[in-house]
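Chemist: Just to be clear, the model below is a prediction. Sequence and coordinates:
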Amino acid sequence: MDSILRVTFFWLLLLASCGYALWRGRKYERIAALVFVTATVLSILGHSPRLRYVEIEITDLVVDTGVLIAVLAIALASDRFWPLWVAGLQLVDSMSHMMKAIHTDMLPAIYGAAERFWSYPILLILLVGAWRQDQRRRKGQGPIPA
């Protein structure tokens, strides 16, 4: 039951934050939303039927590295502050794979939690970033989204 609740909460958060970013965000919020949805789908498609997190999750490593590169590019190109937070948290997320490589005896539950945990604050930061951009636009303080 706990797993179903966690998965449901994640999908609701993903759809709410990325949906809002696509609807009301500007270019960088929209790109980030597309990256996060694509990464989620690719991670799911790449899951093997074997026990998860016993060994390094290669698909997740590749997807997390791609997301890290994408959010770093957004952070370098954007004039907003939220992408820096997202890039930092994605770096921490990506380091979970390095920790598993260094400590091969790391418990699967710890590795899995370290790899999944940071998705929640990243999505919340995207939601807040898109909301703040929308508020600026509505008050005439910022550019109209492209």
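Modeler: Okay, I see it. Numbering: from 1, shown residues only.

Chemist: List the contacts of the most centrally placed residue in the chain.
Modeler: Residue closest to the average C-alpha location in the chain (Cα atoms, centre = their mean): residue 119, at 4.6 Å. Going by Cβ atoms under 8 Å, 6 or more residues apart in numbering, residue 119 touches 10, 93. Bear in mind the C-beta positions are built from the backbone N, C-alpha and C, glycine included.

Chemist: got a pLDDT number for it?
Modeler: Listed pLDDT for residue 119 reads 95.

Chemist: pull the longest helix from this structure.
Modeler: Longest helix of the chain, by residue count under DSSP state H: helix 2-24.

Chemist: Could you give me the buried positions within the helix or strand of the chain with the lowest mean pLDDT?
Modeler: Between all helices and strands in the chain, the lowest mean by mean pLDDT, DSSP states H and E belongs to helix 108-116, at a mean of 90. For helix 108-116, a neighbour-count test (16 or more other Cβ atoms under 10 Å) marks 111, 112, 114, 115, 116 as buried.

Chemist: possible to save the residues you listed as JSON lines with distance to residue 61?
Modeler: Converted to JSON lines, those look like this (distance: Cβ to Cβ, whole Å):
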{"residue": "111", "distance to residue 61": "11"}
{"residue": "112", "distance to residue 61": "13"}
{"residue": "114", "distance to residue 61": "13"}
{"residue": "115", "distance to residue 61": "9"}
{"residue": "116", "distance to residue 61": "14"}
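
Chemist: before we move on, the earlier item: which strands and helices sit next to the longest helix of the chain?
Modeler: Packing partners of helix 2-24 (3 or more Cβ pairs under 8 Å, 6 or more residues apart in numbering; DSSP states H and E): helix 27-46, helix 119-138.
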